[in-house]
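Engineer: Provided below for reference: sequence and predicted model.
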Amino acid sequence: MKITLKVWRQKNRDSKGAFKTYQVDHASPDMSFLEMIDVLNTDLIKKGEESIAFDHDCREGICGMCSMYINGHPHGPLQTTTCQLHMRSFKDGETITVEPWRAKAFPVVKDLVVDRSAFDRIQQAGGYVSVNTGGVPDANEIPIPKIVADEAFDAAACIGCGACVAACKNASAMLFVGAKVSQLALLPQGKPERKQRAERMVAQMDAEGFGSCTNTGACEAECPKGISVTNIARLNREYLGAMLTSYQVEVGGGE
Amino acid sequence: MIFLNDQGVTFTHWGHFMGTNPIIRTLEIGLIIGFLAHIVQGLLLWRANHAARPVKYGVAKKPAGTWYSRSMGLLGTLLLLFLILHTVHFWIPNRANQFIHGEELPLYQMMFEIFSNPWIVLIYVVGCISLFWHLLHGFASAFQSLGLNHQKYNGIISFVGIAFSVIVPLIFSLMPIAIYFEWIN
Ligand code: SF4
Ligand code: FES
């Protein structure tokens, strides 16, 4: 296959980037999109040019690193990650445009690499269950209905790739945060901290500069893990409930 | 009520009720405040959401989801234009007259005068069509945003939402249309 690639090149955070056009003459339809870029990068290095920087790690669709906005869609035309996208999804001779995620909260670091640490900070704000010391509980000690366990499992499938933010016209992170809040709010282990979790994760999300959800549903259609917007409704419910009833009462005076 | 075609007897009776009943007049103030809050909040949301993506994409394909769910600002603006026109035609002169002379205006007769202009009828109809799309997204969206939806009730929410967004704008827009085409006289 012959492919024309228009790739966003940007030296660093502060420089102004631009599209640059490259020719890939020997792409196999069985290559993954990342492998195709590997081939191009090898060529560039041989020519003494700087290779294209992009994020990747597992290359099997589980780490969520391979963020690329391909031909107007996060992770390209299919609902997968870029590493699981193959060149057979494109036509011979096609021109493919590759851009980094665009969001204020995801600044471009270099070329196609963006800084997604905003997601980490949201997780650190409350996306956990505190485990205190004590005996190891028996695995089946707490009964959980199968249907609830399945819901939680589906939400837990989120790999934090950020495609939801990239796809959303408001660059909103509600699908990600919805998934992270849901997976714990549904289970008994997550219940004790659910109120402060919802409040703190939403506060952190807002502080990071993500937009607000206007329910257009673009995120759900692009999420490689099929996370449903029902998780956003659950997040809204958790958050409103927490706002109205949380225990965090600030007491003034005392001195 | 105008569709009863009784020379406006029923219409004028209820128009008088709406214009003088203290409960309705209080609700009217609530409605105005609600509208203003909705507009201001919508504009703030629009600004914040634009700021969340300072650099736009080079290639943007049509995203999944409906066009009207992405066009609430546009639809709302069309709706606002209609609303301004409508209040200038009826509500403002009527309330002003009530305030100054203590009398209501003959709204039924005014309708026939105003809706004899095809352009005004057209703007009213466009306003009602915008209202249809605005509600079609807005109704179900509000439930989602409040987290008030549930697998068991989603069907009924979407049914009521669709019915509401069809019926209300349809009846609104039938008023100027019926008068313009003299189905009512
Ligand atoms: S919700 Fe889906 S699109 Fe968003 S970060 Fe998680 S896996 Fe990626
Ligand atoms: S490289 Fe890990 S998901 Fe694509």
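Structural biologist: Sure thing, it's come through. Ligands and ions are numbered 1, 2, ... in the order given.

Engineer: Helices of chain B, start to end?
Structural biologist: Assigned helices in chain B, in chain order: B:9-20, B:22-51, B:67-70, B:72-86, B:92-101, B:107-114, B:118-145, B:154-180 (criterion: DSSP state H).

Engineer: And the stretch 151-255 of chain A, by the same measure?
Structural biologist: For the stretch 151-255 of chain A, the helices defined by DSSP state H, counting those that start in this stretch occupy A:163-167, A:174-185, A:194-207, A:218-222, A:230-245.

Engineer: Check those for me and report the most buried one.
Structural biologist: Comparing the helices of the stretch 151-255 of chain A by mean neighbour count (mean count of other Cβ atoms under 10 Å in any protein chain shown), helix A:163-167 comes out on top with a mean of 29. To be clear about C-beta, it is placed using only N, CA and C from the backbone, and glycine gets the same treatment.

Engineer: And for that helix, what's in contact with it?
Structural biologist: A:67, A:69, A:73-75, A:101-103, A:105-106, A:171-176, A:210, A:218-224, A:227, B:63-64 (Cβ atoms under 8 Å, 6 or more residues apart in numbering or on different chains).

Engineer: Pop the domain breakdown of chain A in here.
Structural biologist: A:3-110, A:117-254 (automatic domain parsing).

Engineer: Flag whichever of the ones you listed has the least confidence on average.
Structural biologist: Note on the domains of chain A: lowest mean pLDDT is at domain A:117-254, with a mean of 91.

Engineer: Briefly note if stretch A:194-210 comes near chain B.
Structural biologist: Yes. Using Cβ under 8 Å from any Cβ of the partner chain, stretch A:194-210 comes into contact with chain B via A:209-210.

Engineer: and residue A:22, what is it in contact with?
Structural biologist: When contacts are counted by Cβ under 8 Å, 6+ apart, residue A:22 touches A:4-7, A:40, A:44.

Engineer: hey, where'd the strands end up in chain A?
Structural biologist: Taking DSSP state E, the strands of chain A run over residues A:3-9, A:18-24, A:69-70, A:73-74, A:95-99, A:108-110, A:113-114.

Engineer: Show me what the fifth one packs onto, helices and strands only.
Structural biologist: Using 3 or more Cβ pairs under 8 Å, 6 or more residues apart in numbering or on different chains; DSSP states H and E as the contact criterion, the secondary-structure elements in contact with strand A:95-99 are strand A:3-9, strand A:69-70.

Engineer: my guess is residue B:157 meets residue B:149, correct?
Structural biologist: Yes. Counting by Cβ atoms under 8 Å, residue B:157 does reach residue B:149; the two are 6.0 Å apart.

Engineer: quick one, which of those two is more surrounded?
Structural biologist: More crowded of residue B:157 and residue B:149, by other Cβ atoms under 10 Å in any protein chain shown: residue B:149, with 21 against 17.

Engineer: tell me the phi and psi of the more buried one?
Structural biologist: Backbone torsions of residue B:149, given as degrees, to the nearest 10, read phi -100, psi 160.

Engineer: From chain B, how far off is residue A:124?
Structural biologist: As for residue A:124, its distance to chain B is 21 Å (criterion: Cβ to the nearest Cβ, to the nearest Å).

Engineer: Quick check: the gap between the closest residue to that residue other than its chain neighbours and residue A:177.
Structural biologist: Closest residue to residue A:124 apart from its sequence neighbours, by Cβ to Cβ, 6 or more residues apart in numbering or on different chains: residue A:204 at 7.9 Å. Using Cβ to Cβ, to the nearest Å, residue A:204 is found at 9 Å from residue A:177.

Engineer: now swap in residue B:133 and tell me
Structural biologist: Distance of residue B:133 to residue A:177, given as Cβ to Cβ: 29 Å.

Engineer: Need the CA coordinates for stretch A:7-19. PDB is fine.
Structural biologist: Output of stretch A:7-19 as PDB, limited to C-alpha atoms (Å, rounded to 0.1, in the frame of the first residue of the first chain):
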ATOM      1  CA  VAL A   7       1.400  14.500  10.600                       C
ATOM      2  CA  TRP A   8       1.300  17.200  13.200                       C
ATOM      3  CA  ARG A   9       4.900  18.100  14.100                       C
ATOM      4  CA  GLN A  10       5.600  20.300  17.100                       C
ATOM      5  CA  LYS A  11       9.000  20.600  18.800                       C
ATOM      6  CA  ASN A  12       7.800  21.200  22.300                       C
ATOM      7  CA  ARG A  13       5.100  22.600  24.500                       C
ATOM      8  CA  ASP A  14       5.700  26.200  23.600                       C
ATOM      9  CA  SER A  15       6.500  26.000  19.900                       C
ATOM     10  CA  LYS A  16       4.000  26.400  17.200                       C
ATOM     11  CA  GLY A  17       3.400  23.200  15.400                       C
ATOM     12  CA  ALA A  18       2.400  22.500  11.800                       C
ATOM     13  CA  PHE A  19       1.400  19.600   9.500                       C
END
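
Engineer: ok so, going back, what's the overlap in contacts for residue A:204 and residue A:177?
Structural biologist: Residues touching both residue A:204 and residue A:177 by Cβ under 8 Å, 6+ apart: residue A:122.

Engineer: Please list all residues in contact with residue 180.
Structural biologist: Picking chain A for this. Applying Cβ under 8 Å, 6+ apart, the residues near residue A:180 are A:122-123, A:127, A:155, A:158, A:201.

Engineer: looking at chain B here, not the other one
Structural biologist: Shown in contact with residue B:180 (Cβ under 8 Å, 6+ apart): B:115-116, B:118, B:121.

Engineer: Equivalent analysis for residue A:186, please.
Structural biologist: Contacts of residue A:186 (Cβ under 8 Å, 6+ apart): A:148, A:151-152, A:155.

Engineer: got it, and residue A:101?
Structural biologist: For residue A:101, the contact set (Cβ under 8 Å, 6+ apart) comprises A:67, A:69, A:74, A:114, A:116, A:162, A:165-166.

Engineer: want to throw those into JSON lines with distance to residue B:180?
Structural biologist: Output for the contacts of residue A:101, formatted as JSON lines (distance: Cβ to Cβ, whole Å):
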{"residue": "A:67", "distance to residue B:180": "55"}
{"residue": "A:69", "distance to residue B:180": "49"}
{"residue": "A:74", "distance to residue B:180": "49"}
{"residue": "A:114", "distance to residue B:180": "56"}
{"residue": "A:116", "distance to residue B:180": "57"}
{"residue": "A:162", "distance to residue B:180": "53"}
{"residue": "A:165", "distance to residue B:180": "48"}
{"residue": "A:166", "distance to residue B:180": "48"}
